[in-house]
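Enquirer: let me see the structure of the following:
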Amino acid sequence: MREIGYAKINLGLKVLGKRADGYHAVDMVMQTISFADYVDFAPAPKFVLTMDDPDLPCDQRNLAYKAATIISEATGNPLNVKISINKQIFKAAGLAGGSTDAAAVLRGLNKYWQSGLTEKQLEKLGEQIGSDVPFCVRGGTVRATGRGEILETLPDLPKLYLVLAKPLGLDVSTAWVYQNFKKGTCINEVNMENLVTALKTGKRENILASLGNDLESVTLPQYPVLSSIKKTIGDNSAQAVLMSGSGPTIFGVTATEKDAKKISQLLQSEYKVSVATAETVQGR
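Expert: Have a look, this model is predicted:
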């Protein structure tokens, strides 16, 4: 049995301040995209997690491992299963690669065991694993507040074609980015109400004009290559360009799939980057 773990991009990310529990309060719009990992389930004498990337751990440090343990405890089902994950999503990239694998494990084992947990119940389990996991369980176009666990489903986007680029060997610590964020330093602060209104009316040009990410004010100055990649994408027919999450992935929105592929080839010729093309995915 296979479950797909779709990546996400941030259409909007506003940092509201630090909470008493040490997390930052955020207001975000997250969007599922077709760039994905593939999670397979098969019977086994005991629990085994395998990844096709040797640099990733397959023990308690892995969010997918945590997800399997948590749903096993919640449902009372023994973990007699082998979970194999084929990684495609860039690592430490602002695309929720680890969180979406955890969400795919929650959804997949729920089906595999026929446990009958609701989406809401799976999201609550996801809160124990990481801030992005509840969204990754749900998918689609979603506004997330609190530390990311309070979700409001928004209307599906008009289809957007995307090109994504991440410099090779550049991993950005989410914790570091939030620790170094200073309110008032954003050149173009995102207006979340404008973005949400645009999404609810469904007008493509208004949506693209409203995209924004407060965390660019931290990550881009630290890594100038990201600003260069962003400019290259913007100068080559992209209709909008933004960093996803805490970075370092930069994505561009294009009018056609052909335009996205053309920009991806250009980026590979000019930079040492991992690139992918994708499109937005509607909610289930």
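
Enquirer: ok, and the helix or strand in the protein with the lowest average confidence?
Expert: helix 174-179 (a mean of 88; mean pLDDT, DSSP states H and E).

Enquirer: now it: buried residues?
Expert: Using 16 or more other C-beta atoms under 10 Å as the test for burial, helix 174-179 gives 177, 178. Where C-beta positions appear, they are placed from N, C-alpha and C, glycine not excepted.

Enquirer: equivalent analysis for stretch 82-102, please.
Expert: Buried residues in stretch 82-102, counted by 16+ other C-beta under 10 Å: 82-83, 85, 87, 89-90, 92-102.

Enquirer: and the helices in the stretch 101-250 of the chain?
Expert: Counting by DSSP state H, counting those that start in this stretch, one finds helices in the stretch 101-250 of the chain at the ranges 119-127, 133-138, 174-179, 192-201, 204-209, 216-222, 224-234.

Enquirer: so, low pLDDT: which residues of the chain?
Expert: Residues of the chain meeting the criterion pLDDT under 70: 19-22, 184-188.

Enquirer: tell me how many other residues surround residue 42.
Expert: For residue 42, the neighbour count with other C-beta atoms under 10 Å is 11.

Enquirer: I'd guessed it sits against residue 112; true?
Expert: No. Using C-beta atoms under 8 Å, residue 42 makes no contact with residue 112, being 9.3 Å away.

Enquirer: list residues touching both of those two?
Expert: 1, 81 (C-beta atoms under 8 Å, 6 or more residues apart in numbering).

Enquirer: so how many other residues sit close to the nearest residue to residue 156 once chain neighbours are set aside?
Expert: Distance criterion C-beta to C-beta, 6 or more residues apart in numbering; nearest residue to residue 156, sequence neighbours excluded, is residue 282 at 4.3 Å. Residue neighbour count, defined by other C-beta under 10 Å, stands at 13 for residue 282.

Enquirer: how close does residue 282 get to residue 192?
Expert: As judged by C-beta to C-beta, to the nearest Å, residue 282 and residue 192 stand 21 Å apart.

Enquirer: in what helix or strand does residue 6 lie?
Expert: Using DSSP states H and E, residue 6 sits in strand 2-18.

Enquirer: and that strand, how far out from the chain middle?
Expert: Mean C-alpha position of strand 2-18 versus that of the full chain (C-alpha atoms, centre = their mean, to the nearest Å) differs by 4 Å.

Enquirer: max-length strand in the protein?
Expert: strand 24-43 (DSSP state E).

Enquirer: for that strand, list every residue counted as buried.
Expert: For strand 24-43, by 16+ other C-beta under 10 Å, it's 24, 26-33, 35-39, 41.

Enquirer: just checking the distance from that strand to the centre of its chain.
Expert: Counting by C-alpha atoms, centre = their mean, strand 24-43 comes out at 5 Å from the chain centroid.

Enquirer: could you give the angle of it to strand 2-18?
Expert: Calculated by axes from the mean of the first three to the mean of the last three C-alpha atoms, to 10 degrees, strand 24-43 forms an angle of 160 degrees with strand 2-18.

Enquirer: before we move on, the earlier item: contacts for the least confident helix or strand of the chain next, please.
Expert: Identification of contacts with helix 174-179 by C-beta under 8 Å, 6+ apart yields 15, 24, 94, 215, 218, 219, 245, 246, 247.
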